[in-house]
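Colleague: Got a predicted structure plus its sequence, pasted below:
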Amino acid sequence: MKTKLRSLILGINTMLAATALAAELPEKAYLFSYFINNGEDGLHLAWSADGLKWQALNEGKSFLKPEVGKSKLMRDPCITTGPDGTFHMVWTDSWDSGTIGHASSKDLITWSAQKDLAVMAHEPSTRNCWAPEIVFDAKDKQFRIFWASTVPGKFPETEHGGQNDLNHRMYSTTTKDFVSFTPTTLYFDPGHNVIDSTLTEFRGNTVMIYKDETKVPEAKKNLKFATTPSPAGPFKPVPGDITPPGS
């Protein structure tokens, strides 16, 4: 079973008050959003009291079926909250499209209508939009969405360095209302094929952990990180690796 996990901490007793699991859950817990198989059946959630032992919610069944996108998939679901407590989720809707999915919810059970966000419409040759992440930037009072895309011919020096000539860089857009979005910009270019970026805060800085997806001439497939004072960037790669090649 292939899974992609995204986590956040929140009180989930109220959210799941109507389920049989409610009495067994602590006041606060870790919550994972993930997908199974190819993502055809949608959003899955699991909880943990300690971040080590996990239990699937809803008897392991999907909380939300994918309805948008070229392939109608729901891979890499990433969830965050805004200042009003609303949950916003973005996901990979296809292996090969220029769009990502979005939906919102007050309780993670009942969801808004799903939307396809054409985040790479300005680059019609875009091959994919993979593993989108979403964070709320409290300083700028806006949501930032970022993802990996391959735009053929954009970075010729590494054009053939990835599997099937995929040559990703990280792109980003921001929004305050999920109606209007800023123009998509190049978010992070470490000089090589990069996917699966995520952000965290550490000692007042924003840290991006990302995967070097280089396959040739020397396979990397390992984790690295970069830092910046603000989620807006620019990011400065830190020399060295977090994990060894191939891990």
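Modeller: Yes, it's here. Predicted model, so just to flag it, every value in this text is computed and none were measured.
Colleague: Could you pull up phi and psi at residue 163?
Modeller: When read as degrees, to the nearest 10, the backbone of residue 163 gives phi -60, psi 130.
Colleague: Which strand or helix spans the nearest residue to it once chain neighbours are set aside?
Modeller: Once flanking residues are discounted, residue 163 sits nearest to residue 215: 5.2 Å by Cβ to Cβ, 6 or more residues apart in numbering. Where C-beta positions appear, they are placed from N, C-alpha and C, glycine not excepted. Residue 215 belongs to no helix or strand when assigned by DSSP states H and E.
Colleague: Just name the shakiest helix or strand of the protein by mean pLDDT.
Modeller: strand 6-10 (a mean of 42; mean pLDDT, DSSP states H and E).
Colleague: Report the secondary structure state of residue 164.
Modeller: Assigned by DSSP: H, G, I helix; E, B strand; the rest coil, the conformation of residue 164 is helix.
Colleague: Over to residue 145?
Modeller: Assigned with three-state DSSP, residue 145 falls in the strand class.
Colleague: give the contact list for it.
Modeller: Contacts for residue 145 (Cβ atoms under 8 Å, 6 or more residues apart in numbering) come out as 90, 100, 117, 119, 132, 133, 134, 172, 173, 174, 175.
Colleague: If we ignore the residues flanking it in sequence, what's nearest it?
Modeller: In this structure, residue 145 finds its nearest non-sequential neighbour in residue 134, 5.0 Å apart by Cβ to Cβ, 6+ apart.
Colleague: can you tell me how far residue 158 sits from residue 53?
Modeller: Distance, residue 158 to residue 53, by Cβ to Cβ, to the nearest Å: 41 Å.
Colleague: For those two, work out which one has more neighbours and name it.
Modeller: residue 158 (19 against 8; other Cβ atoms under 10 Å).
Colleague: From the chain's centroid, how far away is the helix or strand residue 90 falls within?
Modeller: Taking DSSP H and E as the definition, one finds residue 90 inside strand 87-92. Averaging C-alpha positions (Cα atoms, centre = their mean, to the nearest Å) puts strand 87-92 8 Å from its chain's average.
Colleague: partners of that strand in the sheet?
Modeller: strand 75-81 (antiparallel), strand 100-105 (antiparallel) (DSSP bridges).
Colleague: in it, what's buried?
Modeller: Residues of strand 87-92 classed as buried by neighbour count (16 or more other Cβ atoms under 10 Å): 87, 88, 89, 90, 91, 92.
Colleague: And the pLDDT at the fourth one?
Modeller: With respect to pLDDT, residue 90 scores 98.
Colleague: wait, what's in contact with the closest residue to it other than its chain neighbours?
Modeller: Sequence neighbours aside, residue 132 is the residue nearest to residue 90 in space, at 4.3 Å (criterion: Cβ to Cβ, 6+ apart). Shown in contact with residue 132 (Cβ under 8 Å, 6+ apart): 76, 78, 90, 91, 92, 100, 145, 146, 147.
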